[in-house]
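Peer 1: 3D, please:
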Amino acid sequence: MGIRPRRAASVPVALTGCALLLTLAACNESNTYVPPPPSKVMVATPLQQPVQRYLEVTGNTAAINSVQLEARVQGFLETINYKDGALVKKGALLFGIQRDQYQAQLDLQKAELAAAQATQANAQVEYQRQTQLGSRDFASQRAVDDAKTNLDKATAQIAADQANIQLATITLGYTQVTAPFDGIVTRHLVDIGALVGYAGPTKLATIVQVDPIYTYFTVSEQQVLNIKAELARQGRTIAEVHNVPVEIGLQTEQGYSYKGTIDYIAPQVDPNTGTLEVRGIFDNKNLALIPGLFVRVRVPLGPPQPALLVDDIAIGANQLGSYLLVVNAEDVVEQRVVKTGQLQGGLRVIESGLQPGDKVIIDGLQRAVPGNKVAPETVVMGATTAAAGTSPAKP
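Peer 2: From the prediction side, this is the model:
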């Protein structure tokens, strides 16, 4: 009996052949590269508006008056009439020193004055008597001269006793230490019952006047020359800088909330540091400022000048300095090295390197590569700043 062959193997062979034909057909088609679409970025032209230029430096606050309160007479400290750190008025009694011995000295001087006045009165009567007798030749000229001498001595003694009374009064006054001006008094350095003034003046405390308050800062020689050039352009001299507005801000603040005026400028540049010392004075009614604070200082330089401003977040930095990414007429990204100026709100002043019509990339910077083409979408400069909750700069 013969065996018939199986037909099941013919099916895979047929499928394999079909696949081979499809593959060959696909190889006949050409493969082409389709580039990705340009990246989308947001661009805006710089704002053009007047900007107040400032000289920005740092400085320190200082008390307008600071005096050490000292005991100038010897005695035991009897009273302390204030609380440590209290704000006191001018003339307020702060310390009391034992005064009985100085009061007794004053009383003694007053008694000696009374005795001298009595002696003078008697000498005056005697001089008048001797003068009358001398005019009648009943007294010698010598007697008249002696009476005049005694009267003059008595008069001089009165003047001396009056001076001694003044000295005793002043010394007695030193037993009461009062505030020389309105201010804050530091903690007391000597306790009640301590002997003070026995080996010279004894420091009791310090009083500091903080309203108004000073701020000292320095400007470089180059800044001084720039200021003089700007003043010359306005027909003024550096002596006319007094009463120029000045603003300060604390390190915990964003802006410059304290307003004052310049009241002193050093007459010469320090040759050791090449700087000029300047001082501003500020009202401090609420005592928000205390001496010794490190502050940011800015002084306006002339009237507002036209300027270009861009979102500060659009500015990058590399080894060449600050730069902006702009889109040219062919929608290709270019990198522009720029010189930046002061910050106005969330906008930065661009001193040079940018033109008014340039399209600055302010969003999508991570997708913008110099030399690559992008798909720009135009927005208004400052929109990003406003969305972040910061107001754009105002004229």
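
Peer 1: Helices along the stretch 101-250 of the chain, start to end?
Peer 2: Counting by DSSP state H, counting those that start in this stretch, the stretch 101-250 of the chain has helices at residues 141-173, 221-233.

Peer 1: Would you mind finding the most buried of those helices?
Peer 2: helix 141-173 (a mean of 15; mean count of other CB atoms under 10 Å). For every residue, glycine as well, the C-beta is placed using N, CA and C.

Peer 1: Please state the offset of that one from the chain centre?
Peer 2: 58 Å (CA atoms, centre = their mean, to the nearest Å).

Peer 1: What is it packed up against?
Peer 2: helix 100-135 (3 or more CB pairs under 8 Å, 6 or more residues apart in numbering; DSSP states H and E).

Peer 1: From residue 264, how far out is residue 344?
Peer 2: Plainly put, residue 344 is 29 Å away from residue 264 if you go by CB to CB, to the nearest Å.

Peer 1: quick one, which of these two is more surrounded?
Peer 2: Remark: of residue 344 and residue 264, residue 344 carries more neighbours, 20 against 13, as counted by other CB atoms under 10 Å.

Peer 1: Beta-bridge partners for the more buried one, please?
Peer 2: On the basis of DSSP bridges, residue 344 is bridged to residue 347.

Peer 1: State the distance from it to residue 261.
Peer 2: Distance, residue 344 to residue 261, by CB to CB: 23 Å.

Peer 1: Next: residue 57.
Peer 2: Residue 57 is 16 Å from residue 261, by CB to CB.

Peer 1: ok, back up a step: export the helices of the stretch 101-250 of the chain to TSV and tack on distance to residue 128 and mean pLDDT?
Peer 2: Shown next, in TSV, are the helices of the stretch 101-250 of the chain (distance: least, CB to CB, whole Å; pLDDT from 0 to 100):
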stretch	distance to residue 128	mean pLDDT
helix 141-173	8	89
helix 221-233	76	77
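
Peer 1: can you put these in CSV and add distance to residue 250?
Peer 2: Listed next are those as CSV, based on distance: least, CB to CB, whole Å:
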stretch, distance to residue 250
helix 141-173, 42
helix 221-233, 23
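
Peer 1: Return, as residue ranges, the portions of the stretch 151-300 of the chain with sub-threshold pLDDT.
Peer 2: Within the stretch 151-300 of the chain, the stretches with pLDDT under 70 are 238-242.

Peer 1: about what we covered before: more crowded one of residue 57 and residue 261?
Peer 2: residue 57 (17 against 12).

Peer 1: I figured the more buried one hits residue 295, correct?
Peer 2: No: counting by CB atoms under 8 Å, residue 57 does not reach residue 295; the two are 9.9 Å apart.

Peer 1: So which residues make contact with stretch 186-203?
Peer 2: Applying CB atoms under 8 Å, 6 or more residues apart in numbering, the external contacts of stretch 186-203 come out as 68-80, 84-85, 95, 97, 204-208.

Peer 1: Just those: which are in strands?
Peer 2: Per DSSP state E, strands hold the following members of the contacts of stretch 186-203: 68-71, 75-80, 95, 97, 204-208.

Peer 1: Now which of the residues you listed would you call buried?
Peer 2: Among the ones in strands among the contacts of stretch 186-203, the ones that count as buried by 16 or more other CB atoms under 10 Å are 69-71, 75, 77, 80, 95, 97, 204-208.

Peer 1: Format these as JSON lines; extra columns: distance to residue 173.
Peer 2: JSON lines is the format used below for these (distance: CB to CB, whole Å):
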{"residue": "69", "distance to residue 173": "14"}
{"residue": "70", "distance to residue 173": "14"}
{"residue": "71", "distance to residue 173": "13"}
{"residue": "75", "distance to residue 173": "13"}
{"residue": "77", "distance to residue 173": "16"}
{"residue": "80", "distance to residue 173": "18"}
{"residue": "95", "distance to residue 173": "13"}
{"residue": "97", "distance to residue 173": "11"}
{"residue": "204", "distance to residue 173": "15"}
{"residue": "205", "distance to residue 173": "18"}
{"residue": "206", "distance to residue 173": "21"}
{"residue": "207", "distance to residue 173": "17"}
{"residue": "208", "distance to residue 173": "23"}
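
Peer 1: out of those, who's nearest residue 180?
Peer 2: The shortest gap between residue 180 and any of these belongs to residue 207, at 7.0 Å (CB to CB).

Peer 1: What separation is there between that closest one and residue 361?
Peer 2: From residue 207 to residue 361 the distance is 59 Å (CB to CB).

Peer 1: next one: residue 135
Peer 2: Counting by CB to CB, the gap from residue 135 to residue 361 is 117 Å.

Peer 1: more crowded one of the two?
Peer 2: A count of neighbours by other CB under 10 Å puts residue 361 above the other of residue 135 and residue 361, at 23 against 10.

Peer 1: Might one say that the more buried one is in contact with residue 313?
Peer 2: No: at 10.6 Å, residue 361 does not count as touching residue 313 under the criterion of CB under 8 Å.

Peer 1: Farthest pair within the buried ones among the ones in strands among the contacts of stretch 186-203?
Peer 2: Longest span within those, CB to CB: 75 and 208, 26.0 Å.

Peer 1: Which segments of this structure make up each domain?
Peer 2: With domains defined by automatic domain parsing, the chain comprises 42-51+305-387, 54-63+210-300, 99-174.

Peer 1: Switch the ones you listed over to a markdown table; also include distance to residue 199.
Peer 2: Output for the domains of the chain, formatted as a markdown table (distance: least, CB to CB, whole Å):
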| stretch | distance to residue 199 |
| --- | --- |
| domain 42-51+305-387 | 57 |
| domain 54-63+210-300 | 29 |
| domain 99-174 | 16 |
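
Peer 1: winner for burial among those domains?
Peer 2: Using mean count of other CB under 10 Å, the stretch among the domains of the chain with the greatest mean number of neighbours is domain 42-51+305-387 (a mean of 17).

Peer 1: so residue 42 bridges to which residues?
Peer 2: Residue 42 has these beta-bridge partners by DSSP bridges: residue 363, residue 377.
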